[in-house]
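Novice: sequence first, then the predicted structure, then my questions.
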Amino acid sequence: MPQVLKINDLQQTFERGTVNENHVLRGIDLELEAGDFVTIIGSNGAGKSTLLNSIAGTLPVTQGQIILNDEDVTKQSVTKRAKKISRVFQDPKMGTAVRLTVEENLALAMKRGQRRGFAPGVKPRDRQFFKEQLATLNLNLENRLESEVGLLSGGQRQAITLLMATLKRPDLILLDEHTAALDPKTSITVMDLTEKLISEQHLTAFMVTHNMEDAIRYGNRLIMLHQGKVALNLKGDEKHDLTVTKLMDLFQQQAGSQLEDDALLLA
Ligand SMILES: Nc1ncnc2c1ncn2[C@@H]1O[C@H](COP(=O)(O)OP(=O)(O)OP(=O)(O)O)[C@@H](O)[C@H]1O
């Protein structure tokens, strides 16, 4: 499988040189192959969002390199990277424009990477395409093309955000606790949809989650961040056969300390 992402010695230090200096990422080395779906866990403040922010470019890195499809993007602007990397956040309000309709939001997503005009015009041909895509979500959204997104439920919005993030196939998709704000039933719907979109389009993905069961159930790889480093990097059978107990044991062997279940599960 071709390599999609390579991270070399990524370090992130906040408030350098002050009493509040915080060395959050302390040398992360990671390689992702095409189609890898990596779940990321770690206790509060472990640096999960910081890792995604560094990859997306919203944070300049203190040290290290980020290579995406053989291109060094470490110093590239967020806008330039957004053509290749899409992101879904925890808050359903972040991914969509509330005052625009469902089809206008999708039309904007189709223009990712192009210069956007002011009017999010929707061509009849695209409308048909959006309808087909929305129908695959099984949320009856294909009949809500002209509804303002702000009127939809959190789960429906998160489903649309996912569709928008994958409409123009990204090289990498970053999911930052994207189901954490949803009720348990909706969360399962959105997770199933996530898995379907990732596998159908053979996407390469990172998914941060506080839900250990989800981290174990989904994806082909699992990474645990601890004290600014990758404490566990599980793939293949190790990932496939994982249970919460095995995960805790592995962590204990690796870190030499006991993992508090709560430290991972509590947001
Ligand atoms: N822009 C910033 N400036 C200063 N400190 C920051 C910044 N972003 C994050 N931090 C600090 O870096 C540490 C790691 O934060 P981060 O949000 O990456 O953790 P996380 O693993 O995603 O945690 P959580 O599970 O609580 O979301 C925290 O101590 C946080 O306060």
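Specialist: In hand now; what should we look at? Numbering: from 1, shown residues only.
Novice: and stretch 247-267, what's its mean pLDDT?
Specialist: In this model, stretch 247-267 has a mean pLDDT of 68.
Novice: let's verify the residue nearest to Lys6 when sequence neighbours are not counted: helix, strand, or coil?
Specialist: Counting by C-beta to C-beta, 6 or more residues apart in numbering, Lys6 lies nearest to Ile67, which is 4.2 Å off, once chain neighbours are set aside. All C-beta atoms are positioned from the backbone trio N, CA, C, and that covers glycine. When classified by DSSP: H, G, I helix; E, B strand; the rest coil, Ile67 comes out as strand.
Novice: now do the contacts for Ile67.
Specialist: Ile67 sits next to Leu5, Lys6, Ile7, Asn8, Val73 when contact means C-beta atoms under 8 Å, 6 or more residues apart in numbering.
Novice: switch to 10 Å and redo it
Specialist: Listed by C-beta atoms under 10 Å, 6 or more residues apart in numbering, the contact set of Ile67 reads Gln3, Val4, Leu5, Lys6, Ile7, Asn8, Glu31, Val73, Thr74.
Novice: partner residues bridging it?
Specialist: Following DSSP bridges, Ile67 is listed with bridge partners Lys6, Asp72.
Novice: how near is Ser187 to Ala159?
Specialist: 11 Å (C-beta to C-beta, to the nearest Å).
Novice: pick out whichever of those two has more residues nearby.
Specialist: Ala159 (25 against 18; other C-beta atoms under 10 Å).
Novice: which SSE is that one in?
Specialist: Per DSSP states H and E: Ala159 is located in helix 154-167.
Novice: who in the chain is up against the ligand?
Specialist: Phe14, Asn22, Val24, Gly42, Asn44, Gly45, Ala46, Gly47, Lys48, Ser49, Thr50 (C-beta under 6 Å from any ligand atom).
Novice: tell me the contacts of the fourth one?
Specialist: When contacts are counted by C-beta under 10 Å, 6+ apart, Gly42 touches 48, 51, 208, 210, 215, 223-232, 263-264.
Novice: and those residues, which are buried?
Specialist: Buried members of the contacts of Gly42, scored by 16 or more other C-beta atoms under 10 Å, are 48, 51, 208, 210, 215, 223-226, 228-232, 264.
Novice: in strands only, show me those residues.
Specialist: In strands, judged by DSSP state E, the following of the buried ones among the contacts of Gly42 are found: Val208, Ile223, Met224, Leu225, His226, Lys229, Val230, Ala231, Leu232.
Novice: where along the stretch 101-250 of the chain do the strands fall?
Specialist: 172-176, 205-208, 221-226, 229-235 (DSSP state E, counting those that start in this stretch).
Novice: could you redo the ones you listed as JSON lines and give each row mean pLDDT and distance to Thr194?
Specialist: Formatted as JSON lines, the strands of the stretch 101-250 of the chain follow (pLDDT from 0 to 100; distance: least, C-beta to C-beta, whole Å):
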{"stretch": "strand 172-176", "mean pLDDT": "98", "distance to Thr194": "7"}
{"stretch": "strand 205-208", "mean pLDDT": "98", "distance to Thr194": "7"}
{"stretch": "strand 221-226", "mean pLDDT": "96", "distance to Thr194": "15"}
{"stretch": "strand 229-235", "mean pLDDT": "95", "distance to Thr194": "19"}
